[in-house]
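Undergrad: fold the following for me, if possible:
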Amino acid sequence: MIVRDIKNIIGTDKEVFAKDGQWISRRMLLKDDKMGFSFHETIIKAGTKTHIHYQNHLEAVYCVEGDGKIEDLKSGKTYDIYDGVMYALNLHDEHYLYGGTKDMRLICVFNPPLSGKENHDENGVYPLIEE
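TA: Residues are numbered from 1 along each chain as shown. This next block holds a predicted model:
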């Protein structure tokens, strides 16, 4: 059994910051935990815009606090995100994620699992890290 408290992740190497400061990812389960997915709490800063295109991963996201928007770059559709909304990037969907009027707290699951070292590259991609 794995039991972790978010307070014990904050301030460690499992708390990863966006290069440009738009988000904080607190990585609670990673590849080494051998669960077949990784599990994260992510904070999207209010008023920010992040380009994301997970070419190597699928992600499901559930908002538990705050507000924002997601813009699908293929269809041009924009969806509001707020407490209780889930979205899934089931087609490696390229998108913009916008922080709203206050910080947004998201619970995220990645498949394949992240190793913990990933950060977005210039194309919004997390690399596939094979260890």
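
Undergrad: residue 13 - that's part of a strand, no?
TA: No: under DSSP: H, G, I helix; E, B strand; the rest coil, residue 13 falls outside any strand and is assigned coil.

Undergrad: neighbours around the closest residue to it other than its chain neighbours, how many?
TA: Distances taken as CB to CB, 6 or more residues apart in numbering put residue 116 closest to residue 13, at 7.3 Å, once the chain neighbours are dropped. C-betas here are computed from N, CA, C, even on glycine. Using other CB atoms under 10 Å, residue 116 is surrounded by 18 other residues.

Undergrad: try residue 1
TA: Neighbours of residue 1 (other CB under 10 Å): 2.

Undergrad: any low-confidence regions in the protein?
TA: The chain contains residues with pLDDT under 70 at 118-131.

Undergrad: strands of that one, start to end?
TA: 15-17, 23-29, 38-44, 49-52, 58-65, 67-72, 78-82, 86-89, 95-99, 104-111 (DSSP state E).

Undergrad: of all those strands, which one is nearest residue 2?
TA: When these are compared by CB to CB, strand 23-29 sits nearest residue 2, at 7.0 Å.

Undergrad: give me the helices and strands touching that closest one, please.
TA: Counting contacts by 3 or more CB pairs under 8 Å, 6 or more residues apart in numbering; DSSP states H and E, strand 23-29 packs against strand 15-17, strand 38-44.

Undergrad: looking at the strands of the chain, spot the one closest to residue 9.
TA: Closest among the strands of the chain, using CB to CB: strand 23-29, at 4.9 Å.

Undergrad: report the contact partners of the residue nearest to residue 30 when sequence neighbours are not counted.
TA: The shortest distance from residue 30 to any non-neighbouring residue, by CB to CB, 6+ apart, is to residue 116 (4.5 Å). Taking CB atoms under 8 Å, 6 or more residues apart in numbering as the criterion, residue 116 is in contact with 13, 14, 16, 27, 30, 31, 32, 38.
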